[in-house]
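Participant: with the sequence up front, the predicted model follows.
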Amino acid sequence: QLQLVESGGGLVQPGGSLRLSCAASGFTLDYYAIGWFRQAPGKEREGVSCISSSGGSTNYADSVKGRFTISRDNAKNTVYLQMNSLKPEDTATYYCAAAHYCTAKGSYGMDYWGKGTLVTVSS
């Protein structure tokens, strides 16, 4: 079964950190760019970050630039999103997707999606 599984979400205080993981099973991530997206209650889904298949190129939404870092370990078939200095407005369900490539500010051609992991930033 081909799937992506996100993990690492939870409740964290403002200013805290979390690291999300996106693990693939049934296929290799080597040839895919990976995008992270989020959707807050009542809002549209938005792109957060993307990393190219080689890991040599990344992009970030302006709202997370300087606070979030995307990385990948192809040997572990996993992509990570390190989130620091979290704010209440970062509260959302975070999804990863296997994409054809990263664009200047997003991702293109998502073939697979995970089911998401909830991040809640609250005191």
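Facilitator: Yep, that arrived.
Participant: partners of the helix or strand bottoming out on mean pLDDT in the chain, with directions?
Facilitator: Ranked by mean pLDDT, DSSP states H and E, the weakest helix or strand in the chain is strand 107-113, scoring a mean of 91. Here strand 107-113 is paired, per DSSP bridges, with strand 92-102 (antiparallel).
Participant: buried stuff in the strand it pairs with?
Facilitator: 92-99, 102 (16 or more other C-beta atoms under 10 Å). To be clear about C-beta, it is placed using only N, CA and C from the backbone, and glycine gets the same treatment.
Participant: ok, stretch 39-57 next?
Facilitator: 47-53.
Participant: what do you get for stretch 22-30?
Facilitator: 22-24, 27, 29.
Participant: over to stretch 14-24?
Facilitator: Here stretch 14-24 shows 18, 20-24 as buried, counting by 16+ other C-beta under 10 Å.
Participant: report the mean confidence score over that stretch.
Facilitator: Averaged across stretch 14-24, the pLDDT comes to 97.
Participant: now do the strands in the protein.
Facilitator: 3-7, 10-12, 18-25, 33-39, 46-51, 58-60, 68-73, 78-83, 92-102, 107-113, 117-121 (DSSP state E).
Participant: outside of the second one, which residues touch it?
Facilitator: Outside strand 10-12, the residues that touch it by C-beta atoms under 8 Å, 6 or more residues apart in numbering are 18, 86, 118-122.
Participant: many thanks, have a good one.
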